[in-house]
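Participant: missing the sequence, but the structure's below:
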């Protein structure tokens, strides 16, 4: 039965019947779909230009595909056509390392470099037109806040490997917001453009403070970045959607921080604000029947409230 299905999938691929492939594989229960079937599904979604859905499928088999040049090539293609050139370049470079000299891979790498050169040239022209100097255009990005980030981040080897991604492009931000279905706070976006995700030195926040009572402190492990590349990022393998769908956290917004307990998270809560204003920041305790505790009125207030143990 399985061999017949695989033969049929190959035939449909040759005949450009990609919808047939998607329909057939989606009839297979998710827990019965293996690496081969999910690879077929992701490839068909790519051919249908449903690139975000393709990426979601490829990320399900990320660990199995790490040594497969085709996995890196196919997810790189999806990133490329979503204008996520940094992610695409990373994927194609790995594909080239695993299978050196592949003409299609090298062609995509050339296209990506060409796109990046065009973007750099356009940015340079805009800087000149606005009267900005070449040196200013290369300067680090800062944003209008009096918060001192000088010693905010703990850039340990673990943090850099698990949390920290390259600063997000506007295209990536738009794509991530579309996937999450929520508009991210401006303070968070601006912070990510300087340092995209990570582990802060101060990881404790005072919760449940009332009157003269001090309340208790919750601890976070790290702040998820705007990315798909790192597992601990908003759209990564262990990101917001994964935690909501797999761990049952409420559909109130976006998981923004994970916690050491593994039975709690910090979320952006959009129930009151919708997408029109800044969401509140809340603590959700899975071990206590998903109890929601308000922490801060917005993300900036949450960051300012973080303290040492």
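Facilitator: Noted; the coordinates are in hand. Only a predicted model underlies this, so the values are computations on that prediction, with no experimental measurement involved. Numbering: from 1, shown residues only.
Participant: per-domain residue ranges of this protein.
Facilitator: Residue ranges for the structural domains of the chain, counted by automatic domain parsing, are given in the record as 2-112, 157-305.
Participant: Turn the ones you listed into JSON lines, columns for mean neighbour count and mean pLDDT.
Facilitator: Every C-beta, even on glycine, is put in place using the N, C-alpha and C of the backbone. As requested, those are arranged in JSON lines below (neighbours: other Cβ atoms under 10 Å; pLDDT from 0 to 100):
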{"stretch": "domain 2-112", "mean neighbour count": "17", "mean pLDDT": "94"}
{"stretch": "domain 157-305", "mean neighbour count": "18", "mean pLDDT": "90"}
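Participant: okay, those in TSV with distance to residue 147 next?
Facilitator: Formatted as TSV, the entries for the domains of the chain read as follows, by distance: least, Cβ to Cβ, whole Å:
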stretch	distance to residue 147
domain 2-112	27
domain 157-305	6
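Participant: packing partners for the longest helix anywhere in the chain?
Facilitator: For the chain, the helix reaching the highest residue count under DSSP state H is reported as helix 103-129. When contacts are defined as 3 or more Cβ pairs under 8 Å, 6 or more residues apart in numbering; DSSP states H and E, helix 103-129 sits against helix 69-81, helix 85-98, helix 134-137.
Participant: closest to residue 255 out of those helices?
Facilitator: Of all those, helix 85-98 sits nearest to residue 255, with 20.6 Å by Cβ to Cβ.
Participant: Contacts for stretch 43-63 next, please.
Facilitator: With contacts defined as Cβ atoms under 8 Å, 6 or more residues apart in numbering, stretch 43-63 is touched by 13, 16, 18-19, 21-22, 25, 35, 38-39, 41-42, 65, 71, 74-75, 77-79, 81-82, 175, 178-179, 228, 236-237.
Participant: Can you tell me which of the domains of the chain is nearest to residue 120?
Facilitator: Smallest distance to residue 120 across the domains of the chain (Cβ to Cβ): 11.3 Å, for domain 2-112.
Participant: picking up where we left off before, pipe the helices and strands packed on helix 103-129 into TSV and attach distance to residue 285 per row.
Facilitator: Rendered in TSV, the data for these read as follows (distance: least, Cβ to Cβ, whole Å):
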stretch	distance to residue 285
helix 69-81	35
helix 85-98	33
helix 134-137	46
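Participant: who wins for proximity to residue 269 among those helices?
Facilitator: helix 85-98 (28.6 Å).
Participant: and residue 122, which of the domains of the chain is closest to it?
Facilitator: domain 157-305 (12.5 Å).
Participant: Just say helix, strand or coil for residue 6.
Facilitator: Under DSSP: H, G, I helix; E, B strand; the rest coil, the three-state class of residue 6 is helix.
Participant: Nearest residue to it in space, please, no chain neighbours.
Facilitator: When the adjacent residues along the chain are set aside, residue 6 lies closest to residue 36, with 7.0 Å between them (Cβ to Cβ, 6 or more residues apart in numbering).
Participant: What strand or helix carries the one you found?
Facilitator: Counting by DSSP states H and E, the element that carries residue 36 is helix 35-47.
Participant: likewise residue 265?
Facilitator: With elements delineated by DSSP H and E, residue 265 resides in strand 264-269, which encompasses its position.
Participant: distance between stretch 265-273 and the chain's centre?
Facilitator: Put simply, stretch 265-273 sits 18 Å off its chain's centre (Cα atoms, centre = their mean, to the nearest Å).
Participant: residues in contact with that stretch?
Facilitator: For stretch 265-273, the surrounding residues in contact (Cβ under 8 Å, 6+ apart) are 182, 184-185, 205, 218, 220, 243, 249-250, 252-259, 279-284, 286, 292, 294-295, 299, 302.
Participant: Just the ones of the residues you listed in strands?
Facilitator: Among those, the members falling in strands are 205, 218, 253-258, 280-284, 292, 294-295 (criterion: DSSP state E).
Participant: now, which of these sits nearest residue 274?
Facilitator: Distance ranking of the ones in strands among the contacts of stretch 265-273 against residue 274, using Cβ to Cβ, places residue 253 first at 10.2 Å.
Participant: Noted, bye for now.
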